[in-house]
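Student: Have a look at this prediction, sequence included:
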Amino acid sequence: METLGLPLPLFEKILFRLDPISLVMMKCTRRSFNSHISEDPYFKSKYLSGVRSGLLHISSFGSKNLFCNPFGDSSSSRHHDFLDITTRILGSCSGLLLLFIDGLCVANPLTKRYRFLNYSKSMFLSRVDRWGILNFDLPSEKMNRLGLAVDQITQRFKVVCMNETETSDPDETMYQFEILTGDSCWRLSATTITCSASVLIMDKKTVYFDGSVHWLRKDGSILSFNPETEQARLIPIKFPLELCAVANKFLFSATEKELAFISATEDLINVYALENALIDPKWALVKQIKNGVSENKKIRYWNVAAYDGKYLVLWEMYKDIYNGVVHGYDLRANKWGVLGSVPSWCDCSHSFYNFTPSPFSSTIELNKKVDVRMITTVRNDYNVRMITMVRDDKHISTLKKIMKLTDEISPCAKSRWH
């Protein structure tokens with residue numbers, strides 16, 4: 001690789017010091033730079049290890065109020081913006097966000113690139129009503145059927161929609177999977193899996209880890225699907241005994257190295273890692289943390305919000321009029337701190353997403369900016385209707401506000417909208 005006459009270690013040391021937006025600009029200067037930055041797994045891993053991550057949180061049922069709390073921010077101020085259109089966050093993976101803004105959208109807030117996804121050809125997401133109008137047909141309580149996956153080599157994204165189907169045996173459930181690639185082409189996978197009947201836990205998010213999308217079921221087992229290999233499997237595991245013995249809060253999540261499970265009581269927080277997933281899966285206790293933030297008797301509600309292996313996040317709401325608080329536990333420093341606040345009018349249906357800005361993900365697919373007007377023709381036996389979906393200024397301004405707010409996660413990631 002051309003290194004401007006510098007030794008490669010010194011050249012990489014310079015690159016590691018660049019903020020994410022400057023690194024994106026560096027990729028554009030020479031083809032050899034772009035290849036090294038985008039394709040070298042060692043470089044990507046080491047660079048991302050130094051990028052600060054944070055939290056995005058919003059109502060689970062959609063809202064115009066979006067909040068952002070950077071990890072490691074000693075300030076208790078709340079980063080917040082009012083969006084123009086009610087928005088839901090459906091997933092976060094490798095610097096990309098899966099959003100619902102009157103339709104599905106994948107965006108890279110760092111590079112300011114995005115793509116609205118056409119769902120009209122999806123078997124599971126679209127429905128034509130009796131008036132011939134095409135509608136998005138996934139109820140609010142089933143939004144966790146959607147998952148976002150990013151290939152860690154090509155950095156291309158795929159969206160997965162899982163569908164539950166009853167079988168002739170009432171004690172069994174069959175799962176189907178539909179895959180959306182970056183070119184907005186929906187395809188029903190030939191893969192199905194039939195297993196013991198159980199339902200997904202409605203308020204638990206889809207988790208991406210090691211190439212696969214994972215869903216937690218009510219019996220404790222985990223459904224897994226890899227959109228690249230199209231392999232599906234059920235991980236037959238039960239909840240940790242501590243969870244079964246005491247009424248407490250819990251979270252299903254992932255770190256860079258493993259799937260994780262967090263259970264918490266008012267006294268103690270247990271952190272588990274999934275071991276022997278292929279042979280004899282079990283939750284192994286890896287750390288216990290004293291819960292020092294839920295001792296206030298005026299607490300109305302609290303829960304585990306997020307975990308990424310470096311930070312554990314709890315949030316709490318009080319019985320009085322004051323705002324709730326978002327607490328972060330730094331596992332490296334072994335101490336609690338305040339990350340931010342949650343307004344008093346928020347209910348318990350509040351979703352938190354770990355987000356790490358990335359200059360690598362889907363630079364090709366999201367570089368194709370969609371036309372603001374998409375025309376879809378819907379035909380049936382009675383009439384033909386033209387449905388014009390206009391991505392007007394409100395959609396773009398909503399995206400702009402989301403992207404600007406995520407700039408708060410890393411001071412070095414700030415850039416102007418373009």
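Tutor: Looks like it came in fine. Keep in mind the model is a prediction, meaning the values are calculated, not measured. Numbers count the residues shown, from 1 in each chain.
Student: Now do the buried residues in stretch 203-214.
Tutor: 204, 205, 206, 207, 208, 209, 211, 212, 213, 214 (16 or more other Cβ atoms under 10 Å). C-betas here are computed from N, CA, C, even on glycine.
Student: Identify the residues contacting that stretch?
Tutor: The contact list for stretch 203-214 (Cβ atoms under 8 Å, 6 or more residues apart in numbering) reads 60, 90-91, 93, 144-152, 160, 162, 215-216, 222-229, 251-254, 258-259, 349, 351, 353.
Student: Kindly check the end-to-end length of it for me.
Tutor: Terminal residues of stretch 203-214 lie 14 Å apart, using Cα to Cα, to the nearest Å.
Student: Check stretch 134-142 too.
Tutor: 19 Å.
Student: Which positions within it qualify as buried?
Tutor: 134, 138, 142.
Student: Narrow these to those in strands?
Tutor: residue 134 (DSSP state E).
Student: per-residue pLDDT, residue 69?
Tutor: Looking at residue 69, its pLDDT is 85.
Student: Quick check: closest non-adjacent residue to residue 299.
Tutor: Setting aside the residues directly before and after it, residue 299 is nearest to residue 316 in space (Cβ to Cβ, 6 or more residues apart in numbering), at 5.2 Å.
Student: between the buried residues of stretch 134-142, which is nearest residue 35?
Tutor: residue 138 (39.2 Å; Cβ to Cβ).
Student: And the helices in the stretch 101-250 of the chain?
Tutor: 241-245 (DSSP state H, counting those that start in this stretch).
Student: got a list of what residue 47 touches?
Tutor: Contacts of residue 47 (Cβ under 8 Å, 6+ apart): 15, 16, 23.
Student: go on, residue 146?
Tutor: Residue 146 makes contact with 90, 91, 98, 104, 138, 159, 160, 161, 162, 206, according to Cβ under 8 Å, 6+ apart.
Student: Could you dump those residues into CSV and include distance to residue 340?
Tutor: Compiled in CSV, the contacts of residue 146 are given as follows (distance: Cβ to Cβ, whole Å):
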residue, distance to residue 340
90, 22
91, 22
98, 23
104, 28
138, 30
159, 29
160, 31
161, 32
162, 32
206, 24
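Student: For PyMOL, write a command that selects the buried ones of the residues you listed.
Tutor: Per 16+ other Cβ under 10 Å, the buried members of the contacts of residue 146 correspond to this PyMOL selection:
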select buried, resi 90+91+98+104+138+159+160+161+162+206
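Student: Report the two of the contacts of residue 146 separated the most.
Tutor: Longest span within the contacts of residue 146, Cβ to Cβ: 104 and 162, 14.9 Å.
Student: still on that earlier bit, in strands, which of the contacts of residue 146 appear?
Tutor: 90, 91, 98, 104, 159, 160, 161, 162.
Student: export the buried residues of stretch 203-214 to CSV and tack on pLDDT and distance to residue 66?
Tutor: Formatted as CSV, the buried residues of stretch 203-214 follow (pLDDT from 0 to 100; distance: Cβ to Cβ, whole Å):
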residue, pLDDT, distance to residue 66
204, 90, 21
205, 91, 16
206, 95, 20
207, 96, 21
208, 96, 21
209, 95, 25
211, 93, 29
212, 96, 28
213, 97, 24
214, 97, 25
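Student: Farthest pair within those residues?
Tutor: For the buried residues of stretch 203-214, and using Cβ to Cβ, no pair is farther apart than 204 and 211, which are 20.2 Å apart.
Student: Tell me the one of the ones in strands among the contacts of residue 146 nearest residue 308?
Tutor: Nearest to residue 308 among these, with distances taken as Cβ to Cβ, is residue 91, at 14.6 Å.
Student: Next, the contact list for that closest one, please.
Tutor: Residues counted as contacts of residue 91 (Cβ under 8 Å, 6+ apart) are 97, 98, 146, 147, 148, 205, 206, 208, 353.
Student: could you redo the last one with a cut-off of 6 Å?
Tutor: 98, 148 (Cβ atoms under 6 Å, 6 or more residues apart in numbering).
Student: So it versus residue 239, what's the distance?
Tutor: 23 Å (Cβ to Cβ, to the nearest Å).
Student: what's the answer for residue 398, then?
Tutor: Residue 398 is 38 Å from residue 239, by Cβ to Cβ.
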